[in-house]
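[1] sequence plus the predicted model coming up.
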Amino acid sequence: MLRNGLLAALLSALATTTALAHHPFMDEFDSNMPVTITGTVTKMEWRNPHVYAYVDAKDPQGKMVTWKIEMGSPSALMKEGWTQTSVTTGDLVTIKGWRARNDPSLANAESFMLASGSKLTAASSLPADADRVAQRGAADEPVGTSGQAQPERQELPSTAGSFALYGLLGALSLAGAYGLHFFRN
């Protein structure tokens, strides 16, 4: 019986940490590094937990760069009015979003502007309390300036990382499942 209780506790902890493994916006992207990307869609991937668009755009030196653009989940985009044919391979788009902290050709999209002039919200994972107005100011850089000097950013203390939160939630889940085992006996 104890073995079954421990197995249930371990499975519960694993499920909890796996479900929470989805990254917060601020772990991967920098809301102080807005970017505007204009280019041609080469691929769309509709899968959970994010939809991705791949866009070829020229950098200031004329070199073609393929950007990986992260958007919200398929269900979040559908709530915003998207269908799987809203943006397709070959479409010319202008994307406003934010650069990744550690990947010069990855961005999180706020919106897509189509050649027709239609604007689609990209269901970004940017926290609702972030100041989007300040981010869309003069610091907004056109595509292709990756690798250029970037604004200085302040780091959170290492104790504020999501790994600690996942560990705590896993431990609480394990303790709860193990405690339930004793209440049943």
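    All right, it came through fine.

[2] now do the helices in this protein.
    Ranges of helices within the chain are 2-19, 25-28, 74-79, 132-135, 162-184, based on DSSP state H.

[3] ranking those by mean pLDDT, which is last?
    Within the helices of the chain, confidence is poorest for helix 132-135, with a mean of 42 (mean pLDDT).

[4] tally of neighbours for residue 82?
    Residue 82 sits with 21 neighbouring residues when counted by other CB atoms under 10 Å. (Glycine included, C-beta is placed from N, CA and C.)

[5] which residue, other than its chain neighbours, is closest to it?
    residue 120 (6.1 Å; CB to CB, 6 or more residues apart in numbering).

[6] which residues does that neighbour bridge with?
    Legend: beta-bridge partners of residue 120 under DSSP bridges are residue 112.

[7] in this structure it contacts residue 114, no?
    Yes. Between residue 120 and residue 114 there is a contact at 7.2 Å, judged by CB atoms under 8 Å.

[8] of the two, which one has the most company?
    Neighbours were counted for residue 120 and for residue 114 using other CB under 10 Å; residue 120 has more, 19 against 15.

[9] which residues touch the more buried one?
    Residue 120 is in contact with 80, 81, 82, 86, 87, 111, 112, 113, 114, counting by CB atoms under 8 Å, 6 or more residues apart in numbering.

[10] mind putting those into JSON lines with distance to residue 46 and pLDDT?
    Shown next, in JSON lines, are those (distance: CB to CB, whole Å; pLDDT from 0 to 100):
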{"residue": "80", "distance to residue 46": "14", "pLDDT": "94"}
{"residue": "81", "distance to residue 46": "15", "pLDDT": "94"}
{"residue": "82", "distance to residue 46": "9", "pLDDT": "95"}
{"residue": "86", "distance to residue 46": "11", "pLDDT": "95"}
{"residue": "87", "distance to residue 46": "10", "pLDDT": "96"}
{"residue": "111", "distance to residue 46": "18", "pLDDT": "96"}
{"residue": "112", "distance to residue 46": "14", "pLDDT": "96"}
{"residue": "113", "distance to residue 46": "20", "pLDDT": "97"}
{"residue": "114", "distance to residue 46": "17", "pLDDT": "96"}
